[in-house]
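Output the structure for:
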Amino acid sequence: MSSQFLKIGDIVTWNSEAGHVSGRIRAIHTTPFLVNGYQHHATSEQPQYEILSLKTNHIAFHKRKALTFLE
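Numbering: from 1, shown residues only. I've put the predicted structure just below:
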């Protein structure tokens, strides 16, 4: 499913240390950006998705290959 196009508002799931987490995409970054002093590497070819956890309201950043689309 990694070729499927994701957009803001889509709900996705990913694997974390705590198990599978689901969240809603709230932004798509296509250029490098800083969060809490950490440099995230994003390009238009390999964007980073900013995702708000549905359970904890934690914000996570992941590349497409780490995400599974939930219908």
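
List the buried residues in stretch 14-22.
Across stretch 14-22, burial judged by 16 or more other C-beta atoms under 10 Å covers Trp14, Val21. Quick note: C-beta positions are derived from backbone N, CA and C, even for glycine.

and it, how far from the chain's centre?
Taking C-alpha atoms, centre = their mean, to the nearest Å, one finds the center of stretch 14-22 at 12 Å from the center of the full chain.

Would you verify that Ala60 is located in a strand?
Yes - per DSSP: H, G, I helix; E, B strand; the rest coil, Ala60 lies within a strand segment.

Tell me, how many residues neighbour it?
Ala60 has 18 neighbours, counted by other C-beta atoms under 10 Å.

for Phe61, same thing?
For Phe61, using other C-beta under 10 Å, the count is 16.

Quick check: beta-bridge partners of it?
Glu50 (DSSP bridges).

I'd say it and Leu34 touch.
No - applying C-beta atoms under 8 Å as the test, Phe61 and Leu34 come out as separate, 11.2 Å apart.

Show me whatever sits in contact with both of the two.
The contact sets of Phe61 and Leu34 overlap at His40 (C-beta atoms under 8 Å, 6 or more residues apart in numbering).

and Gly23, what does it touch?
By C-beta under 8 Å, 6+ apart, the contact set of Gly23 is Ile11, Val12, Thr13, Trp14, Ile51, Leu52, Ser53, Leu54, Ala60.

Pull out the buried residues from the residues you listed.
By neighbour count, with 16+ other C-beta under 10 Å, the contacts of Gly23 hold Val12, Thr13, Trp14, Ile51, Ala60 as buried.

Could you dump the residues you listed into a markdown table and include pLDDT?
Below are the buried ones among the contacts of Gly23 laid out as a markdown table (pLDDT from 0 to 100):
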| residue | pLDDT |
| --- | --- |
| Val12 | 97 |
| Thr13 | 97 |
| Trp14 | 96 |
| Ile51 | 98 |
| Ala60 | 96 |
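
Turn those into CSV, including distance to Ala66.
Output for the buried ones among the contacts of Gly23, formatted as CSV (distance: C-beta to C-beta, whole Å):
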residue, distance to Ala66
Val12, 9
Thr13, 10
Trp14, 5
Ile51, 10
Ala60, 9
